[in-house]
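Sharing a model that was predicted from the sequence below.
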Amino acid sequence: MILVSACLAGLEVRYNGTHSIDQRITKLVKEGKAISICPELLGGFSTPREPAEIIGGNGDDVLAGKASVIERSGKDVTELYIKGAYATLKQVKKLHITTVVLKEDSPSCGTSSIYNGEFKGLKIPGRGVTAALLKREGLEVISEKQWDERAYLDG
């Protein structure tokens, strides 16, 4: 079973109430080959919500207590992101997930790229909080940009 970001499956759970639908991912969910989850909703956020970015590092740094997740208004929401990451990990373990496909650039789900913390649309290399935790736990964590369905379902 594969775990995917809910926004990739077409659910309108992004901060601005939209989705980032990927038809390949939606098809997997409809066929029962993947389940969708939104770490931010699991952490206690609602939709829509204020945009947030990691300040002072990346998701690994957030988990180590060296960086924070801050909303555009300045509110520190680090604990909610950490809560969502651990709630996601709990589901991954419960469902025996080995592969996770997450939405790139998100402060939660970014697998290799996140916004730089200045709210100016600039990206830097790094993982989001959930991606960092799942990777730390030994899971294969990739983005929708890296997803190759054939590699996972045919061989």
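That came in fine, so what should we check first? What you see is a predicted model; the values in this text were computed from it and never measured.

Need the nearest residue in space to the most centrally placed residue in the chain, chain neighbours excluded.
Compute the mean C-alpha point of the chain, and by Cα atoms, centre = their mean the closest residue is Cys109, 1.9 Å away. Counting by Cβ to Cβ, 6 or more residues apart in numbering, Cys109 lies nearest to Leu102, which is 3.7 Å off, once chain neighbours are set aside. Backbone N, C-alpha and C define where each C-beta goes, glycine included.

what do you get for Ile124?
Asn116 (4.6 Å).

Which residues are in contact with the one you found?
Applying Cβ atoms under 8 Å, 6 or more residues apart in numbering to Asn116 gives the contacts Glu53, Leu122, Lys123, Ile124.

will you turn the residues you listed into JSON lines that also has distance to Val141, pLDDT and secondary structure?
Below are the contacts of Asn116 laid out as JSON lines (distance: Cβ to Cβ, whole Å; pLDDT from 0 to 100; DSSP: H, G, I helix; E, B strand; the rest coil):
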{"residue": "Glu53", "distance to Val141": "20", "pLDDT": "98", "secondary structure": "strand"}
{"residue": "Leu122", "distance to Val141": "23", "pLDDT": "97", "secondary structure": "coil"}
{"residue": "Lys123", "distance to Val141": "18", "pLDDT": "97", "secondary structure": "strand"}
{"residue": "Ile124", "distance to Val141": "18", "pLDDT": "97", "secondary structure": "strand"}
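
quick one, helices of the protein?
23-30, 39-43, 59-63, 78-95, 129-136, 149-153 (DSSP state H).

any chance of the ones you listed in JSON lines, with mean pLDDT, distance to Val4 and mean neighbour count too?
As requested, the helices of the chain are arranged in JSON lines below (pLDDT from 0 to 100; distance: least, Cβ to Cβ, whole Å; neighbours: other Cβ atoms under 10 Å):
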{"stretch": "helix 23-30", "mean pLDDT": "94", "distance to Val4": "5", "mean neighbour count": "17"}
{"stretch": "helix 39-43", "mean pLDDT": "98", "distance to Val4": "12", "mean neighbour count": "25"}
{"stretch": "helix 59-63", "mean pLDDT": "98", "distance to Val4": "18", "mean neighbour count": "23"}
{"stretch": "helix 78-95", "mean pLDDT": "98", "distance to Val4": "11", "mean neighbour count": "18"}
{"stretch": "helix 129-136", "mean pLDDT": "98", "distance to Val4": "12", "mean neighbour count": "26"}
{"stretch": "helix 149-153", "mean pLDDT": "58", "distance to Val4": "11", "mean neighbour count": "12"}
